[in-house]
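**Q** what's the 3D shape of this:
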Amino acid sequence: MEKLARAIWYENYPLGWILLPLEGIYRTLVMIRRYGYRYGWFAITQLPVPVIIVGNITVGGSGKTPLVLWIAQFLAANGWRPGIISRGHGGRIKSIPREVKPDDDPREVGDEPLLLARRTQMPIAVCRRRAKAGELLLAHHDCDCLIADDGLQHYGLARDVEIAVTDRARGLGNRHCLPVGPLRESMQRLDQIPLRVAQGCAEPGEYNMILILGDAVFISDDIVSRPLTSFCTTPVHAVAGIGHPEKFFAALRARGLTIIVHSFPDHYFFRPDELDFGDELPVLMTEKDAVKCAVAVNARHWYVPVEAHISPEFGVRLLELIKLRGYA
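**A** Modelled structure (predicted):
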């Protein structure tokens, strides 16, 4: 189903036009929902600290989590005490908020929140209702701002700054809404968002973000690392269970590696045998995948972290928008 959806959304596979009546229904429901929040039919929770929403209008990965990591570190470096909230997609957490610790089970809290907990060491909570996750952090930690990872369409939480991320390699597909296209909301929604970030070649009004691969890290001991160039002497298995696996594979090839591709669905939980390829070649995977399979690896398994590099003007504008909302 995932391959069929990609073909319809990004390759103009003709079957998509059959779904046009369903797109009309979807757009109507989205409009009713937005008007419901705008005119007070549905409750909106206002938290007492600035809330920064990082999301996108398309289904699938666009670089949100690396950007959340960058924002959290940037705000901390500028005197803020951030907390991070998330739905915890892929985990079992539903309506009861829960803090995320670095040693938590990803099946409980989700892979992306666990990755952020390990990388930032900052307070993080997950809940389907992000406001409850935020309330939990404010009750137990000295947070003075909150960053919501993937919450652009979660209108039950009032927001002070919205940030939309777009992957220019994929773009907006056929520019139709679900299920005909990959859009969660219409393209006009981007015009209402003050901060727009593009992974790749930014267009006017957007800030450019580049994701840079770091050294490979041994999956069972994150103190041990190796330069990616040290893997160029032999083919390697490349594993990715993310929204756009080809992005990871292309980045490895660009660094001179010869890879054997193993693509899995986003948020996929591996069985031990699925990471054993019957040879002695190294296995490289994304950091998001690594948090889900630390108990199912051996000495050949490594993960490759990514760092977001973004225009300096983005950080300046972010602080300006927070200040404009009345926060010092």
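
**Q** Could you report the neighbour count for D273?
**A** Here the number of neighbours of D273 (other C-beta atoms under 10 Å) works out to 9. Quick note: C-beta positions are derived from backbone N, CA and C, even for glycine.

**Q** If I look at it, what pLDDT would I see?
**A** Looking at D273, its pLDDT stands at 84.

**Q** quick one: it is in a helix?
**A** Yes - D273: assigned to a helix according to DSSP: H, G, I helix; E, B strand; the rest coil.

**Q** Return the residues in contact with it.
**A** Applying C-beta atoms under 8 Å, 6 or more residues apart in numbering, we find D273 in contact with no residue.

**Q** any idea how far W9 is from it?
**A** 32 Å (C-beta to C-beta, to the nearest Å).

**Q** Equivalent analysis for L114, please.
**A** L114 is 28 Å from W9, by C-beta to C-beta.

**Q** Between the two, tell me which one has more neighbours.
**A** Comparing L114 with W9 by other C-beta under 10 Å, the one with more neighbours is L114, at 28 against 25.

**Q** tell me which element that one is part of?
**A** For L114, the enclosing helix or strand under DSSP states H and E is helix 111-120.

**Q** State the mean pLDDT of that helix.
**A** For helix 111-120, mean pLDDT is 94.

**Q** list the contacts for the closest residue to C201 other than its chain neighbours?
**A** Leaving aside its sequence neighbours, C201 sits nearest to R168 (C-beta to C-beta, 6 or more residues apart in numbering; 5.2 Å). Shown in contact with R168 (C-beta under 8 Å, 6+ apart): A198, Q199, G200, C201, A202.

**Q** Just say helix, strand or coil for K3.
**A** Once three-state DSSP is applied, K3 turns out helix.

**Q** how many neighbours does it have?
**A** 9.

**Q** go on, P194?
**A** By other C-beta under 10 Å, 14 other residues sit near P194.

**Q** tell me the contacts of the nearest residue to it once chain neighbours are set aside?
**A** Nearest residue to P194 in three dimensions, chain neighbours excluded: L321, at 6.1 Å (C-beta to C-beta, 6+ apart). Neighbour list for L321: D160, V161, P194, L195 [criterion: C-beta under 8 Å, 6+ apart].

**Q** and what of P102?
**A** Per C-beta under 8 Å, 6+ apart, neighbours of P102: L114, A117, R118, Q121.

**Q** distance of it from I259?
**A** Note on P102: its distance to I259, by C-beta to C-beta, is 29 Å.

**Q** Same question for A250.
**A** Taken as C-beta to C-beta, the span from A250 to I259 is 10 Å.

**Q** Looking at those two, which one has more neighbours?
**A** More crowded of A250 and I259, by other C-beta under 10 Å: I259, with 18 against 12.
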